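S.K.: Here's a sequence, model it:
(chains A and B)
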Amino acid sequence: MSEATFVEAVNRTLARAMREDDRVIVLGEDVAEGGPYLVTAGLAEEFGRERVRNTPISEGAVCGVAVGAAQSGLRPVIEIMFIDFITLALDQLVNQAAKAHFMSGGQLSVPLVLRTQGGAGQRNGAQHSQSLEAWLAHVPGLKVVMPSGASEAAGLLQSAIADPNPVVFVENKSLYFRREAMPEVVEPIPLGEARTVRPGRDVTIVALSRMVGDALEAAERLAAEDGVEAEVIDPRTLVPLDLETLSESVRRTGRAVLAHEAVAAGGFGAELAAQLQAAAFDYLEAPIQRVGAPYTPVPVSPPLEDAYRPGSDEIVAAARVAMRWGERDEEPWVKGALTTS
Amino acid sequence: MDGELASGVLRTMWRIRHFEERVAQLKRSLVVHGLIHLSIGGEGVAAAVCGQLRDDDAVYSGHRAHGHAIAKGAPVDRLMAELMGRDAGVCRGLGGSMHLVDTEHGFMGATGVVGGNLPLALGSALAGRLRGGDAVSAVFFGDGAVQAGHFNETVNLAALWRLPLIFVCENNGMAEFTSREEHSNVELVSDVVAPYGFERRTVDGSDVPAVHAAFGEFLEAARGGHGPFLLECLTYRRRGHYEGDQQKYRDPAAEVQWRERDPLARLRGRAISEGWIDEASATSTEQEAAEEIEAAVHFARESPYPEPAVTNGLVYAT
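M.R.: This next block holds a predicted model:
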C-alpha cells in the first residue's frame, strides 16, 4: 500500500488505460502541458501528441470531435477544465453524445469520458466554482460519476473508460491534493454500485463527492455528541443509481440526510429524496432532509464563500432535525436551505 | 463524364427526387411524420459527392439529409420506413427524418442541430488518421451553419490538425426563412475560411459535372492523407425550409430560377447532348427510380410500428 493524491490517481489511471488500449486518446485545453492541476502531466511525453492533443479553447468542437471519434472506434477522454465551461459543450454532450445510440436504433455508440472538475472553496468566483451534475443526470443516455477520493477515482475511471456510453466524470477540486493510502493496482469499480462508507443504525447520510468526507466527519460528531450512529453512503454514480443500497439503508434507519455541494434547489438531492420517499415511505420517521448550497451564485469573498459552501456543520444540523423530528416543533432544514443562506 | 458515370449519377438523383416528392405527399397525408426538410434542387451535390465515396468513408449530414443518405447507399425502403416511424426503419423508427443513420454504408448520421455535425465529422477523420488507411470524412452543411460557433471551432481545428476532412457546403442562400444577406456580410462561404490557408472552391451546385470534378480532386488529395478542404456548391432550394413553410419570403422570380437551376434537367439535357447517354436510357432510368420508390413506400406502409419496449433497451449501449 502506497499513497497518492486524487490527481495522481487519475493521472496513473489514464496512463494505464492508454498503455493497455491504443484506442484511448486524451483531448483538451493544455492537456499535453499537464493542465492547471497537472492531472494529465507526463502523458504527452509517454504517448506522444497524436494521442494526447492540446486543443484550442473550443469546448463545443472538442466535445464534438470526441463524439465523432468515439462513433468511429476510438475511446476519447476529454477534459473540460472547469465544469462551468461545460455549458459550451452541452449541445454536443446532450444532443449528440447522449442520443446517438438511441436515435440510431443502436447502430452508433459513443464510448467517451468527459472529465471535468467542479466545486467551490478556492475563491475562484461564480464562473469557476459550480456543481452542475444535476443537469447532466437529467439527460437520458449520459452516465454521471462523482468520485469521493483517490482510490475511488482510480477504480471508477477505469470503468468509465471501458463503458460503451458517454460518461461524465465529475471531480472536485478540493479533493485534488488530498493524500490517501492507495494500492499499487486498483481494481475497477463497477458503475452503479454504491459504497457504504460507515455503517450506522440511526440515520442514513447519502453524500456526493467531496461531501462524503464531510459526512464522515459529521457522523463522528453525531456519535460523540449525540450518541447517534449515522450510516454514510457514497452512491459514487448518479447515473446509474444504486437505489437498492440507498433505500435498504433508509428502510433500516428510518431517517435520511442527502448532502451535496450543489445548490439545493433542483439539485440531485431532490431526485434522491423523491425516489427514496417512494421506496421507503412507510419506514420514514422524519421528512428526508437535504443539505446543499443556497440559491445564489458562488461568492468570492472568503467569509462569504466559506458560509456558502455546505459541509459537516450543515450535515450535523440536518441529521439532528431528522433525529428529533416529532420531539418538538422544528422547521425542516430544507426550508432554510432553499430560501436563505 | 462518361455514359456509365452520368447514368449512375442521374439514377441517384432521380431516386432522391422521387423519394422526396413522395415524402412531400405523404407528409401532407400525415403518413410521414415530423419536421421534413427536402433537398429538391440539391440532388446533384449529394449524388456527385457521395457517389465517389466508399462505405468506409464517413458522411455526416444535417437536417436536410434524405439525399445524402440515399446517395451514400442507404436503402430507400428502410429510409422511407424510418420517416414513417416504423420498426423496419434504418433507426427502428427512433431517429426520423432529421436523424438518419446507416453505419453499414458509412452514413454516420444526420443531425437536427444546425452545425452540430461539423465537429463529429472531424472526430471521425481523427479516428481515421489514428487507425491508418485512406478513408476520408465528408460533412454536408448549409450556409446557415457557417454563423454557428461550431463552424469556426471545427474549421480552425481541422486546419490545425490537417485531417482528411472535406467540408461540403450547400449554399442555397437561405438560412431557414432568411436570406444570407441578412445573416452575414460575407457572400461566399469559401471566403469565410480563406485565412485558414487550406484549399477551397466555389462551384455552381446545379452543374453536376463541375461538382463531381471539384470534389474528385479534393477526394484524391484527401486519400493521400491531406486536408482539410472546403467545397462550396451554390444551390437552389426548391421547397420551403420545411414542408408546410408558408414561404412568404419567396421571390416571385423563383420559378424562372428553378427552370435554369434544376440540376436534374440540366444534367439530363447535357448527358444527352454530349452523347453520354441516349434519350431512351434517360427515360428508363427515371422510370426505374420511380418504381423503386413506389416499392419503398409499399414496404414502409407494410412495416409495423416498433414495440414500445424497444426504447428501454436503447438508452444505453451494453
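S.K.: Just give me the residue closest to the centre of chain B.
M.R.: residue B:68 (3.0 Å; CA atoms, centre = their mean).
S.K.: Skipping its backbone neighbours, what lies nearest it in space?
M.R.: Distances taken as CB to CB, 6 or more residues apart in numbering or on different chains place residue B:61 nearest to residue B:68, at 4.2 Å, with adjacent residues excluded. Heads up, the C-betas are built off the backbone N, CA and C, glycines and all.
S.K.: Same check on residue B:56?
M.R.: Nearest residue to residue B:56, sequence neighbours excluded (CB to CB, 6+ apart): residue B:135, at 4.7 Å.
S.K.: check contacts around that neighbour.
M.R.: By CB atoms under 8 Å, 6 or more residues apart in numbering or on different chains, the contact list for residue B:135 reads B:54, B:56-58, B:128, B:164.
S.K.: and it, what element?
M.R.: Take DSSP states H and E as the rule and residue B:135 turns out to sit in neither a helix nor a strand.
S.K.: Assign residue A:108 to helix, strand or coil.
M.R.: State at residue A:108, reduced to three classes by DSSP: H, G, I helix; E, B strand; the rest coil: coil.
S.K.: Which neighbouring elements make contact with the helix ranked longest in chain B?
M.R.: The longest helix of chain B (DSSP state H) is helix B:3-28. Applying 3 or more CB pairs under 8 Å, 6 or more residues apart in numbering or on different chains; DSSP states H and E, we find helix B:3-28 packed against helix B:43-50, helix B:66-72, helix B:76-83, helix B:208-223, helix B:263-273, helix B:279-302.
S.K.: Can you list the neighbours in contact with the first one?
M.R.: Pointing back at helix B:43-50 there. Contact with helix B:43-50 is made by B:9-10, B:12-13, B:16-17, B:39, B:59, B:67-68, B:70-73, B:138, B:140, B:168, B:170, B:205-209, B:211-212, B:215, B:231, B:233, B:235, B:263-264, B:267, as judged by CB under 8 Å, 6+ apart.
S.K.: Count the residues that sit near the nearest residue to residue B:109 once chain neighbours are set aside.
M.R.: Take residue B:109 and drop its neighbours on the chain: the residue closest to it by CB to CB, 6+ apart is residue B:101, 4.6 Å away. Residue B:101 sits with 29 neighbouring residues when counted by other CB atoms under 10 Å in any protein chain shown.
S.K.: Could you double-check that residue B:101 sits in contact with residue B:94?
M.R.: No - using CB atoms under 8 Å, residue B:101 makes no contact with residue B:94, being 9.9 Å away.
S.K.: shared neighbours, the two?
M.R.: Listed contacts common to residue B:101 and residue B:94 are A:103-105; contacts here mean CB under 8 Å, 6+ apart.
S.K.: Just the CA atoms of stretch B:257-271, as CSV, please.
M.R.: Extracted in CSV, the C-alpha atoms of stretch B:257-271 (Å, rounded to 0.1, in the frame of the first residue of the first chain):
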residue,chain,number,x,y,z
GLN,B,257,-34.6,30.5,-61.4
TRP,B,258,-35.8,27.0,-60.9
ARG,B,259,-36.0,26.3,-64.7
GLU,B,260,-32.4,27.5,-65.1
ARG,B,261,-31.1,25.7,-62.0
ASP,B,262,-32.8,22.3,-61.8
PRO,B,263,-29.7,20.1,-61.7
LEU,B,264,-31.6,17.1,-62.9
ALA,B,265,-33.0,18.7,-66.0
ARG,B,266,-29.6,20.2,-66.7
LEU,B,267,-27.6,17.0,-66.3
ARG,B,268,-30.2,15.0,-68.3
GLY,B,269,-30.0,17.5,-71.2
ARG,B,270,-26.3,17.7,-71.1
ALA,B,271,-25.8,14.0,-70.9
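S.K.: which of the residues in stretch B:6-20 are buried?
M.R.: Going by neighbour count (16 or more other CB atoms under 10 Å in any protein chain shown), the buried part of stretch B:6-20 is B:6-7, B:9-20.
S.K.: Can you tell me which of those residues comes closest to chain A?
M.R.: Nearest to chain A out of the buried residues of stretch B:6-20 is residue B:19 (CB to the nearest CB; 19.7 Å).
S.K.: For the closest one, give me its contacts.
M.R.: In this structure, residue B:19 makes contact with B:66, B:70, B:76, B:79-80, B:293, B:296, judged by CB under 8 Å, 6+ apart.
S.K.: from what I can see residue B:21 touches residue B:40, true?
M.R.: Yes - with contact defined as CB under 8 Å, residue B:21 reaches residue B:40; the gap is 7.2 Å.
S.K.: From residue A:100, how far off is the residue nearest to residue B:56?
M.R.: Distance from residue B:135 to residue A:100, counting by CB to CB, to the nearest Å: 20 Å.
S.K.: next one: residue A:322
M.R.: Distance from residue A:322 to residue A:100, by CB to CB: 42 Å.
S.K.: do you know which of the helices and strands packed on helix B:3-28 lies nearest residue A:296?
M.R.: Residue A:296 lies closest to helix B:76-83 among these, at 47.1 Å (CB to CB).
S.K.: okay, the angle between the closest one and helix B:3-28?
M.R.: Relative orientation of helix B:76-83 and helix B:3-28, computed by axes from the mean of the first three to the mean of the last three CA atoms, to 10 degrees: 30 degrees.
S.K.: from the chain's centre, how far out does helix B:76-83 sit?
M.R.: 16 Å (CA atoms, centre = their mean, to the nearest Å).
S.K.: Need the mean per-residue confidence for that helix.
M.R.: Average pLDDT, helix B:76-83: 98.
S.K.: Kindly report the same for stretch B:264-277.
M.R.: Averaged across stretch B:264-277, pLDDT comes to 96.
S.K.: which residues sit against that stretch?
M.R.: Residues external to stretch B:264-277 that are found in contact with it (CB under 8 Å, 6+ apart): B:1-3, B:5-7, B:9-10, B:13-14, B:17, B:43-44, B:206-209, B:259, B:278-279, B:282, B:285.
S.K.: Appreciated, that's everything.
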